[in-house]
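Enquirer: Give me the fold of what follows.
(one chain, ligands or ions: 1)
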Amino acid sequence: MSTRVLILGAGFGGLELASALSEALGEEVEVTLIDKGEAFVFGYSKLDVMFGRTSPEAVRLAYRDIAKPGVRIVRATITAIDPENRRVSTDGGEYEGDALVVALGADYDMDATPGLAEGGNEFYSVAGAQRLAELLPTFTRGRAIVGVCGAPFKCPPAPSEAALLLHEYLIARGVRADCEISFVLPLSSPVPPSPETSAALVQAFAERDIEFLPNTRVATLDPARKVAVFDDGGGLAYDLFLGVPKHRAPDVVVAAGMVDDVYVPVNPRTLQTRYAGVYAVGDVAAVGVPKAGVFAEGAARVVAQALIAQIERGEQPGEYDGRGSCYIEFGGGRVGRVDVDFLSGPKPTGTFHEPSEALVAQKQQFGASRRARWFGD
Ligand SMILES: Cc1cc2nc3c(=O)[nH]c(=O)nc-3n(C[C@H](O)[C@H](O)[C@H](O)COP(=O)(O)OP(=O)(O)OC[C@H]3O[C@@H](n4cnc5c(N)ncnc54)[C@H](O)[C@@H]3O)c2cc1C
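Expert: Below you'll find the model as predicted:
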């Protein structure tokens with residue numbers, strides 16, 4: 001009988017894992033990939049949707065287009081996980097695996113920031129980005145705050161990109177002189193593992209007259225007064241608030257007892273959880289790497305290699321190296337890149353590549369290659 005691998009979540013991690021297993025093992029493996037959604041959307045596409053560069057429909061990659069040997073896609077919401085027995089319940093039935101991989105990502109905790117739902121906007125979901133695409137054209141004067149409500153959050157450079165792209169957007173609409181932009185971040189610098197990248201971003205903010213407030217978290221919004229209140233007691237009045245909500249593990253993972261602190265503890269080298277045959281990859285796992293697709297993908301490859309080695313009784317694979325590259329939109333048709341390495345040395349390091357037009361093409365290629373590998377087009 002072929003080995004049954006149950007993958008929970010068809011995001012960056014789940015899609016890469018299913019693809020790698022299918023590629024190596026074909027029908028020798030029985031992969032069941034469960035997701036509640038109909039389609040995958042790259043994180044960075046949300047910025048494109050928000051600034052009206054594209055539509056939500058254009059960036060959706062439908063799961064029904066996936067046709068891979070050995071892989072079955074199930075559209076269902078996972079309602080319970082039994083990690084001891086590698087079994088899950090969904091609104092469409094029960095599933096069981098010889099191996100279980102949790103790749104359910106991170107959810108947004110809007111309630112953790114009182115006032116955010118009523119008085120602000122988030123741009124981290126497709127729905128939030130879509131709402132902003134309608135709202136942004138009405139913003140013509142006053143202060144916009146790009147504010148982060150908790151760390152860690154997905155894709156550390158994304159709020160910096162939002163501030164830079166907002167600047168560009170307001171210029172294009174001829175209203176930049178009537179608007180102020182403030183960027184509130186609970187980290188000491190935009191990309192802490194890479195001082196060079198951070199310096200380039202801080203310089204870009206200064207050149208564009210974007211006020212940067214590091215080491216500051218947005219704790220609450222007061223919608224009546226239109227004030228963002230910070231964790232240090234300070235605050236700033238706003239006319240438009242673009243927020244990154246606090247993140248947390250999905251409720252179903254917490255209810256399963258898999259979470260110790262906020263995310264699922266794993267061996268960072270093997271991604272194994274404390275349950276036999278159960279792994280966690282990507283944003284849901286506490287690995288010590290940033291919450292970004294490239295890291296979810298890298299972790300999924302290591303789990304794929306381990307499962308392939310088990311099934312084929314081959315050599316055990318290498319360990320997860322915690323390396324990845326992130327592209328950063330600077331506006332003006334230029335993209336930078338930071339290559340980070342989280343696990344090789346005593347502390348994380350990062351190498352910066354100056355924004356250029358060549359990197360725009362490289363970023364497009366990054367998306368196109370995943371689309372082709374995961375969705376076959
Ligand atoms: C604005 C923005 C920009 C970004 N830019 C980049 C970038 O440039 N590069 C980069 O590498 N990363 C980027 N990211 C981060 C990236 O999107 C995430 O880190 C990545 O998607 C994490 O992959 P994952 O597999 O862990 O989870 P996800 O991709 O979030 O996938 C989790 C899946 O689980 C499903 N799911 C959750 N709960 C359930 C349930 N109960 N039942 C069934 N299914 C469920 C969800 O529907 C989802 O499809 C960005 C993110 C944002 C928000």
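Enquirer: Would you state the helices of the chain in chain order?
Expert: Along the chain, the stretches classed as helices by DSSP state H are 12-25, 45-50, 116-119, 126-135, 158-172, 195-207, 251-255, 293-312, 357-375.
Enquirer: Residue 92: which of those helices is closest?
Expert: If you check each of the helices of the chain against residue 92 by CB to CB, helix 251-255 wins as the nearest, at 14.4 Å. C-beta coordinates here come from the backbone N, C-alpha and C atoms, glycine included.
Enquirer: how deep is the closest residue to the ligand within the stretch 151-300 of the chain tucked in, by neighbour count?
Expert: Nearest residue of the stretch 151-300 of the chain to the ligand (CB to the nearest ligand atom) works out as residue 282 at 2.1 Å. Neighbourhood size, residue 282 [other CB atoms under 10 Å]: 31.
Enquirer: ok, now residue 26?
Expert: When neighbours are defined as other CB under 10 Å, residue 26 has 13 of them.
Enquirer: check contacts around the residue in the stretch 51-200 of the chain that the ligand sits nearest to.
Expert: Shortest the stretch 51-200 of the chain-to-the ligand distance, computed as CB to the nearest ligand atom: residue-wise this is residue 105, at 2.6 Å. Counting by CB atoms under 8 Å, 6 or more residues apart in numbering, residue 105 makes contact with 9, 11, 13, 250, 282, 283, 284, 296.
Enquirer: Tell me how far the first one lies from residue 283.
Expert: This means residue 9. Using CB to CB, to the nearest Å, residue 9 is found at 9 Å from residue 283.
Enquirer: cool, and the second one?
Expert: Plainly put, residue 11 is 8 Å away from residue 283 if you go by CB to CB.
Enquirer: do the same with residue 344
Expert: 22 Å.
Enquirer: quick one on the thing from earlier: packed most tightly, which of the helices of the chain would that be?
Expert: Highest mean neighbour count among those (mean count of other CB atoms under 10 Å): helix 12-25, with a mean of 25.
Enquirer: counting contacts, what elements does that one pack onto?
Expert: Counting by 3 or more CB pairs under 8 Å, 6 or more residues apart in numbering; DSSP states H and E, the packing neighbours recorded for helix 12-25 are strand 3-8, strand 29-35, strand 71-75, strand 99-102, helix 293-312, helix 357-375.
Enquirer: so how many other residues sit close to residue 240?
Expert: With other CB under 10 Å as criterion, residue 240 counts 20.
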